[in-house]
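> Predicted coordinates and the sequence they were generated for:
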Amino acid sequence: MADYAVTSSSVAPGAGAIIDNTRYAGVAIVAGQVAYLELSSNTYKVCNASASAPLSKAAGIALNSAAVGQPVSVQTGGFITITATPAFTTRSPLVASGAGAGNMAPAADLVTNIATWWPAVLGIPVSATSILLQPLATQV
């Protein structure tokens, strides 16, 4: 299956949202993209599950678009509302994509690409547009 195409204007925090709005974008980020925190620069950048650490360690999802050096809010937990094409499948885990930087993919894509993608689980959709966000990035 292909990556989800997110409608950036539809991204909004939901109940129990945990939001980090204390950092800046280290690259251009679009609302709805998966972000990781680059510790050396203390900035958020787009996650890529097929890249080496730390590029594949998903921290959350950008709530706003930002150019380099602009403030960016990243939701790291709780419920988040996102409209995507195709719609999310309830109870089917979402992972960071290795096919497109900053994109989300269904967990089935991780299984298909396990030899080249690092597992970076984002959360579980509870409806076609709502995700319980609990990022878990693992690397060996």
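Arrived safely. Numbers count the residues shown, from 1 in each chain.
> For the spatially most central residue of the chain, list the residues it contacts.
Nearest residue to the geometric centre of the chain (Cα atoms, centre = their mean): Val34, 2.4 Å. Under the criterion of Cβ atoms under 8 Å, 6 or more residues apart in numbering, the neighbours of Val34 are 46-47, 58, 60-62, 96-97, 102-104, 120, 122. Backbone N, C-alpha and C define where each C-beta goes, glycine included.
> Run through who's touching the helix or strand of the chain with the lowest mean pLDDT.
The element with the least model confidence among the helices and strands of the chain, by mean pLDDT, DSSP states H and E, is helix 107-112, at a mean of 86. The contact list for helix 107-112, computed with Cβ under 8 Å, 6+ apart, reads Met1, Asp3, Ala49, Ser92, Pro93, Leu94, Val95, Ser97, Ala99, Trp117, Pro119, Val121.
> ok, now with 7 Å
Met1, Ser92, Pro93, Val95, Ser97, Trp117, Pro119 (Cβ atoms under 7 Å, 6 or more residues apart in numbering).
> For it, list every residue counted as buried.
The neighbour-count check on helix 107-112 (16 or more other Cβ atoms under 10 Å) flags Ala107, Asp109, Leu110 as buried.
> Check which element follows that helix along the chain.
Taking DSSP states H and E as the definition, the helix or strand that follows helix 107-112 towards the C-terminus is strand 120-125.
> The helix or strand just after that following strand to strand 120-125, inter-axis angle?
For strand 120-125, the following helix or strand on the C-terminal side (DSSP H and E) is strand 130-137. Angle, strand 130-137 to strand 120-125, by axes from the mean of the first three to the mean of the last three Cα atoms, to 10 degrees: 160 degrees.
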